[in-house]
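just a sequence and a predicted model for now, questions to come.
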Amino acid sequence: MNTPPSPQPTLLLNLNEVANQLRWTRRSVERQIAEHRLRTVHLGRSVRVERTELDRFVASLRDPDAG
């Protein structure tokens, strides 16, 4: 039996999608961008966050003492 291939994760997320992933408000995401803690990609007037950048950002939030 062939199972259909699973869809590839989205490479670029808009700010609302990032906020949903983090369970934050969009404004909280915008603050992180303004403080240069979360890097973005600009496509014309659109602002996107790479999924790998989101993973890096979450990893940076981890408590270093949590071992």
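Okay, I see it.

rest of the way, CA atoms for contacts and neighbours
OK.

mind jotting down where the strands sit in this protein?
Taking DSSP state E, the strands of the chain run over residues 12-14, 41-43, 46-50.

a markdown table for those, including mean pLDDT?
Shown next, in a markdown table, are these (pLDDT from 0 to 100):
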| stretch | mean pLDDT |
| --- | --- |
| strand 12-14 | 97 |
| strand 41-43 | 96 |
| strand 46-50 | 98 |
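
list the buried residues in stretch 30-49.
Buried residues in stretch 30-49, counted by 16 or more other C-alpha atoms under 10 Å: 38-40, 48-49.

out of the residues you listed, what pair is the most spread apart?
Using C-alpha to C-alpha, the two most remote members of the buried residues of stretch 30-49 are 38 and 48, lying 10.6 Å apart.

contacting residues for the one residue sitting closest to the centre of the chain?
In the chain, the centroid-proximal residue (C-alpha atoms, centre = their mean) is residue 54; its distance is 3.3 Å. Shown in contact with residue 54 (C-alpha atoms under 8 Å, 6 or more residues apart in numbering): 18, 38.

for the top helix by length along the chain, buried residues please.
The residue-count maximum for a helix in the chain (DSSP state H) belongs to helix 51-61. The neighbour-count check on helix 51-61 (16+ other C-alpha under 10 Å) flags residue 54 as buried.
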